[in-house]
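A.B. asks: Sequence below, structure please.
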Amino acid sequence: MELFRELMQIVGPDNVSADAAVRERFGRTTAPHGTTPLGVVYPTTREQVQQIVRIAARFSVPLFPVSRGKNWGYGDACAPRDGNVIVDLSRMNRIIEINAALAYAVIEPGVSQGQLKDHIDREGLPLMFDATGAGPDASIVGNAIERGSGHTPYGDHFATSCNYEVVLPDGSLMQTGFGAYPGAQAQHVYKWGIGPTLDGLFSQSNFGIVTRMTLWLMPKPESFAMFIVALRTRDSVGPFFEVIRRLRMAGTVRSTLHCFNRGRLLAAATRFPWDRASGRQALEVENTELYRELCDRYALPEWAATGSLSGTRGEVKAAARAIRSVLGTVPGLERVVVVSERTLSLGQQIARLLTPVAPGLSFIKRLESVQLGMALLKGHPSYHSLKGAHWRARTQPSQTGDPIDSQSGLAWICPILPMTAAAVQEVSALAEAAFHEYGFEYQATITAINERALIAVLSISFDHASADERERAQRCQSLLLDKLLDRGYVPYRGPASVLQLVWPRAPEYWQFLSSLKRHVDPAGVVAPGRYLPG
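C.D. replies: Numbering: from 1, shown residues only. Have a look, this model is predicted:
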């Protein structure tokens with residue numbers, strides 16, 4: 001095919017493939033149904049990306065860019081439609097600059113979380129970055145332009161990035177913010193520039209391919225602690241977030257905070273017991289005794305939350321006291337534990353002494369879990385955080401925990417809701433009813449993304465190898481999304497299958513964006529159908 005011959009001239013014959021095995025690999029997905037691409041191209045420079053989009057426009061072939069394709073639960077590397085050419089940006093993995101004084105990094109889309117973490121450690125820089133639970137191989141740029149979130153006060157990744165370098169559909173290059181001005185002194189430290197702000201046009205959109213961005217980093221704090229909250233009743237989670245809202249608004253808690261229900265905690269602890277349950281119904285419905293047995297074995301509360309405290313020693317101590325005091329008013333509170341780095345180090349010393357005597361001691365197991373949680377909060381990505389993705393998969397996961405390798409199914413719905421008890425309880429009730437109607441365990445992670453809003457990540461985990469489970473997962477996702485939209489809970493992110501149900505709810509908004517898309521990209525070069533209809 002002439003298209004691929006021309007692409008080979010740009011990137012070299014080893015960096016273009018229309019091979020059936022490669023196309024099949026990029027058609028694999030954790031979503032219920034995948035697509036088949038036309039081929040894959042692997043550029044290494046922005047100039048190559050510019051030439052690729054010009055060639056694609058000439059052949060009227062849509063491109064689907066992925067940074068590293070680890071967008072679990074939201075679409076991964078699978079294109080929204082058949083016949084796209086995947087532009088895999090993973091080889092564009094340069095860390096161009098790190099400024100320790102101003103705490104920022106300039107990176108390309110192929111830079112992974114693990115790569116940046118290793119670079120910071122190797123250089124001995126007094127900095128940390130906000131990591132997600134997607135593992136060391138996930139892209140930082142990709143998550144930021146998807147408006148993903150992490151764990152620290154810098155948990156809103158779009159808000160803490162700026163100065164995007166973008167290849168437009170005609171092959172031209174532009175920069176956003178002050179980066180548009182040659183030699184601008186503030187291009188890496190101020191997001192908005194002058195005039196209409198353009199960063200948002202290139203997040204969750206098909207308006208161009210981001211080839212570079214500035215990411216703001218955090219100075220390593222003098223003191224750091226993790227707090228863990230356990231709630232013993234299902235109804236406690238609403239009042240808990242009422243209290244968290246007050247703590248966030250007061251500035252006592254500055255980090256994002258994640259709260260996990262029992263189903264989500266169980267998936268992180270073990271795998272579905274296929275030898276003792278059919279999976280046709282949710283485990284908590286089909287075999288209540290078995291479900292309770294597993295939850296008791298791993299000492300799982302109804303809900304558990306984690307957050308971080310950072311600053312001077314005095315600030316962390318004061319915040320810890322306030323958190324213990326205020327959270328003590330939450331009905332159904334089981335415990336609040338604040339773990340400092342010093343406490344964790346002491347626990348590890350005790351564990352080393354106990355391990356030869358009682359390697360399975362629950363204290364040791366819990367300490368390992370706390371240690372991994374603390375590491376993630378401090379910007380240390382881990383493959384362990386992907387463990388919960390394999391809940392219903394029958395195949396053992398690979399060493400990297402890639403959900404596709406284990407044939408794990410992940411269909412996520414992620415509505416934004418106000419941080420009120422009423423909203424939390426309503427969304428939780430809707431989700432649990434829908435999950436149980438289609439035979440899946442209710443799994444939820446609710447994240448306080450700012451002082452006023454929550455993200456509810458409602459995770460439909462299924463066995464991707466089962467046609468029946470794939471079909472049930474898709475029907476469950478559609479039903480729940482409809483019910484949420486009827487009550488005004490709109491997802492903040494999602495694959496094309498989710499967005500197709502979202503678009504009709506705000507026709508004027510999407511029509512405007514689609515008309516803008518046609519103006520910017522008349523040839524439809526940057527894959528239509530991902531975030532914009534058409």
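A.B. asks: going forward, measure contacts between C-alpha atoms and count neighbours the same way
C.D. replies: Will do.
A.B. asks: So R81 sits against L38, correct?
C.D. replies: No - counting by CA atoms under 8 Å, R81 sits too far from L38 to count as a contact (10.2 Å).
A.B. asks: Pick out whichever of these two has more residues nearby.
C.D. replies: Neighbours per residue (other CA atoms under 10 Å) separate R81 from L38, with L38 holding more: 21 against 18.
A.B. asks: so the more buried one makes contact with A79?
C.D. replies: No - counting by CA under 8 Å, A79 is not a contact partner of L38; they are 10.2 Å apart.
A.B. asks: shared neighbours, the two?
C.D. replies: Common contacts of L38 and A79 (CA atoms under 8 Å, 6 or more residues apart in numbering): I86.
A.B. asks: which phi and psi does the closest residue to A186 other than its chain neighbours have?
C.D. replies: Nearest-residue entry for A186: F178, 6.6 Å, with adjacent residues in sequence omitted and distances by CA to CA, 6 or more residues apart in numbering. Main-chain torsions, F178, degrees, to the nearest 10: phi -70, psi -10.
A.B. asks: and the longest helix anywhere in the chain, what does it pack onto?
C.D. replies: Criterion DSSP state H: the longest helix present in the chain is helix 467-486. Under the contact definition 3 or more CA pairs under 8 Å, 6 or more residues apart in numbering; DSSP states H and E, helix 467-486 sits against strand 408-413, helix 421-437, strand 453-463, helix 496-502.
A.B. asks: Alpha carbons of it, as CSV, please.
C.D. replies: Only the C-alpha atoms of helix 467-486 are listed here, as CSV (Å, rounded to 0.1, in the frame of the first residue of the first chain):
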residue,chain,number,x,y,z
ALA,A,467,-18.5,-13.7,25.2
ASP,A,468,-21.3,-13.8,27.7
GLU,A,469,-19.4,-11.6,30.2
ARG,A,470,-18.4,-9.1,27.5
GLU,A,471,-22.0,-8.7,26.4
ARG,A,472,-23.3,-8.4,30.0
ALA,A,473,-20.6,-5.8,30.8
GLN,A,474,-21.6,-3.7,27.8
ARG,A,475,-25.3,-3.8,28.7
CYS,A,476,-24.5,-3.0,32.3
GLN,A,477,-22.3,0.0,31.2
SER,A,478,-25.1,1.4,28.9
LEU,A,479,-27.8,0.9,31.5
LEU,A,480,-25.9,2.6,34.3
LEU,A,481,-24.7,5.4,32.2
ASP,A,482,-28.3,6.2,31.1
LYS,A,483,-29.5,6.2,34.7
LEU,A,484,-26.7,8.4,35.8
LEU,A,485,-27.2,10.9,32.9
ASP,A,486,-31.0,11.0,33.7
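A.B. asks: which residues touch it?
C.D. replies: Helix 467-486 has contacts (CA under 8 Å, 6+ apart) with 32-33, 409, 411-413, 415, 427, 430-431, 434-435, 437-439, 460-464, 490, 498, 501-502, 505.
A.B. asks: Find the least confident helix or strand in the chain, judged by mean pLDDT.
C.D. replies: helix 341-354 (a mean of 67; mean pLDDT, DSSP states H and E).
A.B. asks: Could you list the low-pLDDT ranges of the stretch 401-534 of the chain?
C.D. replies: Judged by pLDDT under 70, the stretch 401-534 of the chain has its weakly predicted residues at 527-529, 534.
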